[in-house]
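Undergrad: quick one: sequence plus predicted model below, questions after.
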Amino acid sequence: MIRNVMDMNARFGGLNAAFLEAGKSVWVMNVVPIRAQNSLPLLLDQGFAGVLHDWCEPFPTYPRTYDMLHANGLLSNLISNGCSTTNLLLEMDRILRPEGWVVLSDKMGPIEDARTIATQIRWEARVIDLENGSDQRLLVCQKPFLKK
């Protein structure tokens, strides 16, 4: 069951709107990267929760964790700004609940790099080809519940 979601590259709130349209009772934190076009006023005007954040830095979440993290195009954005994909995925691991989901959509290169890192931090990771001939890929991961 997914109760709370973070859209890490919210843009115009499409994921939040999709959950509402589908009638899903999900709380979504829309995050607009500070180095992207500032669409936060648009999100707030729609009544969505949202913040600006620089993903090269940690995200203050205490005490909340998330059931699902979603990002479309965030990896390419980070790489172009000289930020570390490894640091981002470790930050995602910190704020993701055990058995939580990560859904990343981006170009093939950044997705393959992220898949390698995801398997190193022991996530179950799978890459999905969205369209034949397209460079876009989807990385779907699940953080395991580790038992001692």
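TA: It's in. In this text the structure is predicted, and so the values were computed from the model without any measurement.

Undergrad: contacts for the helix or strand bottoming out on mean pLDDT in the chain next, please.
TA: Lowest by mean pLDDT, DSSP states H and E among the helices and strands of the chain is helix 74-80, with a mean of 93. Under the criterion C-beta atoms under 8 Å, 6 or more residues apart in numbering, residues 8-9, 33, 35-36, 55-56, 84-85, 88, 104, 106-107, 110-111, 113-114 lie in contact with helix 74-80. (C-beta placed from N, C-alpha, C; glycine too.)

Undergrad: quick check: the nearest residue to residue 117 once chain neighbours are set aside vs residue 40, distance?
TA: Excluding the flanking residues, the one nearest residue 117 by C-beta to C-beta, 6 or more residues apart in numbering is residue 89, at 4.7 Å. Here residue 89 is placed at a distance of 24 Å from residue 40 (C-beta to C-beta, to the nearest Å).

Undergrad: these two: which has the busier surroundings?
TA: The residue with the greater number of neighbours, taking residue 89 and residue 40 and applying other C-beta atoms under 10 Å, is residue 89; the counts read 23 against 18.

Undergrad: helices or strands up against the helix or strand hosting the more buried one?
TA: For residue 89, the enclosing helix or strand under DSSP states H and E is helix 85-95. Packed against helix 85-95, as judged by 3 or more C-beta pairs under 8 Å, 6 or more residues apart in numbering; DSSP states H and E, are the following elements: strand 66-72, helix 74-80, helix 108-120.

Undergrad: the closest residue to residue 81 other than its chain neighbours: what secondary structure?
TA: If the residues on either side of it in the chain are set aside, residue 81 comes closest to residue 35, at 5.4 Å by C-beta to C-beta, 6+ apart. Look at residue 35: counting by DSSP: H, G, I helix; E, B strand; the rest coil, its state is coil.

Undergrad: how close does residue 35 get to residue 60?
TA: Between residue 35 and residue 60 the computed distance is 18 Å (C-beta to C-beta).
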